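>>> got a sequence here, can you model it:
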Amino acid sequence: MRHNLELYSLKAELCKTFADPKRLIIIDELRQGERTVGELARVLELPQAVVSRHLAILRDRGVVKHRREGTSVYYSLSDPKIGEACDMVHQILLDQIEKNRQLAERLVA
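Coordinates of the predicted model:
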């Protein structure tokens with residue numbers, strides 16, 4: 001079986017997009033609906049410029065989309081499956097933490 005290296009490279013690039021806690025918080029916030037940069041900046045307690053940079057990365061990777069209304073730009077997730085994927089990773093993480101907790105308890109007992 002041959003693996004398509006270009007496809008795996010694209011997957012790796014998408015995964016890198018999720019490799020920042022601030023971007024994960026932005027994604028989580030956008031699951032609740034559209035937000036402006038200013039709204040996200042207030043929630044994350046970060047300067048708008050920082051949030052804008054993260055949104056640009058998410059937009060370039062196709063994770064978020066935007067629409068302009070007057071002077072405001074509204075961001076939303078480009079696909080609800082993005083939130084579902086984050087939920088799956090979250091659950092895997094919780095499962096790993098639980099397994100490690102159980103192992104630690106066995107080792108100390």
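>>> and the residue positioned nearest the centre of the chain, how far is that from residue 82?
What sits nearest the mean C-alpha location of the chain, by C-alpha atoms, centre = their mean, is residue 24, with 3.2 Å. Residue 24 is 11 Å from residue 82, where distance means C-beta to C-beta, to the nearest Å. C-beta: built from backbone N, CA, C; applies to glycine.
>>> number of nearby residues for the closest residue to residue 89 other than its chain neighbours?
The shortest distance from residue 89 to any non-neighbouring residue, by C-beta to C-beta, 6 or more residues apart in numbering, is to residue 18 (7.7 Å). As a burial measure, residue 18 scores 17 neighbours (other C-beta atoms under 10 Å).
>>> who does the longest helix belonging to the chain touch, helix- and strand-wise?
For the chain, the longest helix by residue count, based on DSSP state H, is helix 81-108. Secondary-structure packing of helix 81-108 (3 or more C-beta pairs under 8 Å, 6 or more residues apart in numbering; DSSP states H and E): helix 21-30.
>>> what does the helix it packs on contact?
Contacts with helix 21-30, where a contact means C-beta atoms under 8 Å, 6 or more residues apart in numbering, come from 17-18, 35, 40, 43-44, 46, 50-51, 54-55, 57-58, 63-64, 75-77, 82-83, 86.
>>> now do 10 Å
17-18, 20, 35, 37, 39-40, 43-44, 46, 50-51, 53-55, 57-58, 61, 63-65, 74-78, 82-83, 85-87, 89-90 (C-beta atoms under 10 Å, 6 or more residues apart in numbering).
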